[in-house]
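Asks: Sequence and computational prediction follow.
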Amino acid sequence: MKTNAHKPQVIDCHALAGKGKTWADPEREVDYDVNEVFERGAEAGIDRYCVMPPRNDTYREANRHLAGLCEKHADKLIGFAAHCPQRETGHLRQMLVEEVRSMGLRAVRSDGPPNRDLLDAALELGIPVIYYPSGRWQQLGMYYHMPATAYPKVNFILPHLGQYHSLSWAAHIEAIDLAKRYANVYLDVSGVGSFKYVEMAVRELPPEKILFGTGAPELDPRVDREALRLLKLPRDAYANVAGLNILRLIGKHPRE
Amino acid sequence: MTESYSRRDFLIGAGAVATATAARAVQAGKVPVIDCHTHAGTGSDLTAPWTTMADPQEILRRNKEAGIDQACIFPISHDTFEEANREIAQIVKCYPGRFIGYAKHDPVNEKGRIRAMLLRECREMGLRGLKLHVKPTPEVLDTVAELGIPIIWHPGRVAMFDEVARAYPMVDLILAHLGSDLSNDWREHLAGIEMARRYPNVYLDTGAVVLTRYLEQAVKELGPGKIIYGSDEPEVDCRLEIFKIRMLKLPKEQEEMILGGNIQRLLGKYKGGAA
């Protein structure tokens, strides 16, 4: 995970791989092919991808499949587990310990409000929690204030700048406010339809708080890569947003 | 008009420079790049960005960076549009050659007055198209047919296009957002493609499509003649929206049709008389 001194690594913090369903209403059955991600990502100049499974009811199998893909493409993929705290409670610690320590996954996406089972395990393992309050964006703060306060040593990544496709402009502003308020809340700017809120986030937050992501292959990674270019960040800030920030967050892994 | 337009002397100067640039492009035989979907002007509601303000200077700055020669502009959200359309005409005048003004109307709230307003807005104020959110009534459609102007319509559902496109084949209808603003419902993108396939007078605006696979599908299935580049500025950034078209890597002539040739052809059908 060393960066080339002359060219900052571009790491997509939000890509998907494997079988499942989409979150959008109406949902679709999907089987995301990493080769499609590689092909379009290469054209965009993306070096590595953090991949997660798409939506499943439970994740033991999906995470195992994902870990296999990451092993196969170790130079390109960094695997993130996913779990549904509400459906998988009681088994979360056991599964996550195995997924992180034995299978090499580096973060966990929480499908549903993160509970103490999931957050205690994330704290123990030193992994970030990715949480997008899907279907609950009107109450974004409500779902972030308490976890971020109760677990100050757990880092949270809020995808899509708080609102997938920018269906609510107000959620973007609330997401920026959350990242300002809490040292442990970071923003992934994948899949934002209204770019001016990404520009707002960059203006108002330190660059360490913002993570480049694409939502590939559901979304074409070339679009968010172009958005990163349009931000016209100074070199150091660019290097952080493009890849160093996500590396820093997952660098808390106990094996490192 | 708000204070932001009070710097008119400066802006007219800037507009004149830009106009000369666009004119040179046309003289050089280049098809101008035209954004078919841009909002401009002020609103009084102040409840959302699109009821508050759309600053033409910001739009021009991004247009310049994206290589857009002209943008079709129409008002942001209002209950009635007589004043807002007047503001559009004034903005067009402030920045000569950079904007093509469209009227916007609410066929229900402004019922009975639209023909007179639209004739005046086109003939006296130089507007050249109509933006709608509400389904057009015969009053609107008859006037539009008389003027030979295109309608860009963002309907509640794509299916609403069917009856109108069939009853008024002489009216060019541009379906905004390829049927679904910000790809809120991907099924509407598919319905939009079908609608454009079914009716020769239905075209698809590419603005604010997040799921770009449907742009690829539309071009592949319909050909470039039915697709018209738009952005939905200033809520959606024209630099990224035009990138989505360039990303398709079409042959030059096809890309030129989408980026300007098609809308230029529709605007050329105007028969309403000089402003």
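Replies: Nice, thanks for sending it over. Residues are numbered from 1 along each chain as shown, chains lettered A, B, ... in the order given.
Asks: For the single nearest residue of the stretch 101-250 of chain A relative to chain B, which non-adjacent residue is closest in space?
Replies: The shortest separation between the stretch 101-250 of chain A and chain B is 3.9 Å, found at residue A:195 (distances taken as Cβ to the nearest Cβ). Where C-beta positions appear, they are placed from N, C-alpha and C, glycine not excepted. Using Cβ to Cβ, 6 or more residues apart in numbering or on different chains and skipping the chain neighbours, the partner closest in space to residue A:195 is residue B:237 (3.9 Å).
Asks: Tell me the confidence at that neighbour?
Replies: In this prediction, residue B:237 carries a pLDDT score of 98.
Asks: contacting residues for it?
Replies: The neighbourhood of residue B:237, defined by Cβ atoms under 8 Å, 6 or more residues apart in numbering or on different chains, consists of A:194, A:195, A:196, A:230, B:62, B:231.
Asks: Give me the number of neighbouring residues for the first one.
Replies: Spelled out, it's residue A:194. Counted with other Cβ atoms under 10 Å in any protein chain shown, the burial measure for residue A:194 works out to 26 neighbours.
Asks: Now the stretch 151-275 of chain B against chain A: closest residue?
Replies: residue B:237 (3.9 Å).
Asks: could you check the distance from the residue of the stretch 101-250 of chain A closest to chain B over to residue A:102?
Replies: When Cβ to Cβ, to the nearest Å is the yardstick, residue A:195 and residue A:102 sit 40 Å from each other.
Asks: those helices in the stretch 101-250 of chain A, which residues are they?
Replies: Counting by DSSP state H, counting those that start in this stretch, the segments of the stretch 101-250 of chain A that form helices are A:116-125, A:140-150, A:169-181, A:196-204, A:221-230, A:235-239, A:245-250.
Asks: ok, and for the first one, which residues are buried?
Replies: Neighbour counts over helix A:116-125 (16 or more other Cβ atoms under 10 Å in any protein chain shown) mark A:117, A:118, A:119, A:121, A:122, A:125 as buried.
Asks: Quick check: which helices or strands does it pack against?
Replies: With contacts taken as 3 or more Cβ pairs under 8 Å, 6 or more residues apart in numbering or on different chains; DSSP states H and E, helix A:116-125 sits against helix A:92-97, strand A:108-110, strand A:129-130.
Asks: Include mean neighbour count when you put these into JSON lines, please.
Replies: Written out in JSON lines, the entries for these read as follows (neighbours: other Cβ atoms under 10 Å in any protein chain shown):
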{"stretch": "helix A:92-97", "mean neighbour count": "18"}
{"stretch": "strand A:108-110", "mean neighbour count": "25"}
{"stretch": "strand A:129-130", "mean neighbour count": "26"}
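Asks: Can you lay out those as CSV showing distance to chain B?
Replies: Putting the helices and strands packed on helix A:116-125 into CSV (distance: least, Cβ to the nearest Cβ, whole Å) gives the following:
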stretch, distance to chain B
helix A:92-97, 32
strand A:108-110, 20
strand A:129-130, 20
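Asks: picking up where we left off before, so which of the contacts of residue B:237 is surrounded by the most neighbours?
Replies: Among the contacts of residue B:237, where neighbours are counted by other Cβ under 10 Å, the top count belongs to residue B:231, at 29 neighbours.
Asks: Give me the pLDDT value at it.
Replies: For residue B:231, the predicted pLDDT is 98.
Asks: Contacts only, for residue 196.
Replies: Just going to use chain A. If you count contacts by Cβ under 8 Å, 6+ apart, residue A:196 has them with B:234, B:235, B:237.
Asks: should've been chain B
Replies: Contacts were defined as Cβ under 8 Å, 6+ apart; by that measure residue B:196 touches B:175, B:202, B:203, B:204, B:218, B:222, B:226.
Asks: helices and strands of the chain: which one has the lowest mean pLDDT?
Replies: Using chain A. Least confident element among the helices and strands of chain A, by mean pLDDT, DSSP states H and E: helix A:140-150 (a mean of 92).
Asks: cool, and chain B?
Replies: One helix or strand of chain B scores below all others by mean pLDDT, DSSP H and E: helix B:8-27, with a mean of 46.
Asks: Tell me which residues are up against the helix or strand following that helix.
Replies: For helix B:8-27, the succeeding helix or strand toward the C-terminus, using DSSP states H and E, is strand B:34-39. In this structure, residues lying in contact with strand B:34-39 by Cβ under 8 Å, 6+ apart are B:50, B:54, B:59, B:63, B:68-76, B:99-100, B:152, B:174, B:176, B:205, B:207, B:228-235, B:238, B:241-242, B:259-260, B:263-264.
Asks: now swap in stretch A:150-159 and tell me
Replies: Taking Cβ under 8 Å, 6+ apart as the criterion, the residues outside stretch A:150-159 that touch it are A:13-14, A:107, A:119, A:122-123, A:128-132, A:144, A:147-148, A:175, A:178-179, A:182-188, A:190-191, A:211, A:213, A:249, A:252.
Asks: just so I have it, where are all the strands in the stretch 1-150 of chain A?
Replies: Using DSSP state E, counting those that start in this stretch, the strands assigned to the stretch 1-150 of chain A run over residues A:11-16, A:18-21, A:29-32, A:48-52, A:77-79, A:81-83, A:108-110, A:129-130.
Asks: which helices and strands sit right next to the fifth one?
Replies: I take that to be strand A:77-79. Packing partners of strand A:77-79 (3+ Cβ pairs under 8 Å, 6+ apart): strand A:48-52, helix A:60-72.
Asks: so which of those gets nearest residue B:191?
Replies: Using Cβ to Cβ as the measure, strand A:48-52 is the one of these that comes nearest residue B:191, at 30.6 Å.
Asks: Kindly export that closest one (C-alpha atoms) in PDB.
Replies: Coordinates of the C-alpha atoms in strand A:48-52 are reproduced here as PDB (Å, rounded to 0.1, in the frame of the first residue of the first chain):
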ATOM      1  CA  ARG A  48      -7.400   0.300  -6.500                       C
ATOM      2  CA  TYR A  49     -10.900  -0.400  -5.400                       C
ATOM      3  CA  CYS A  50     -12.500  -1.000  -2.000                       C
ATOM      4  CA  VAL A  51     -15.300  -3.400  -2.700                       C
ATOM      5  CA  MET A  52     -18.300  -4.400  -0.700                       C
END
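Asks: picking up where we left off before, buried among the contacts of stretch A:150-159? Need that as a selection in ChimeraX.
Replies: Applying 16+ other Cβ under 10 Å to those leaves a buried subset, and the ChimeraX line that selects it is:
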select /A:13,14,107,119,122,128,129,130,131,132,144,147,148,175,178,179,182,184,185,186,187,188,190,191,211,213,249,252
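Asks: so residue A:161 makes contact with residue A:172?
Replies: Yes. Residue A:161 is within contact range of residue A:172, at 5.1 Å (criterion: Cβ atoms under 8 Å).
Asks: Could you tell me which residues touch both of those two?
Replies: Shared contacts of residue A:161 and residue A:172, defined by Cβ under 8 Å, 6+ apart, comprise A:192, A:197, A:201.
Asks: Please list the residues of chain B that sit near chain A.
Replies: Proximity of chain B to chain A is assessed by Cβ under 8 Å from any Cβ of the partner chain, with B:48-49, B:182-187, B:208, B:210-213, B:234-237, B:239-240, B:243-244, B:247 identified as the residues in range.
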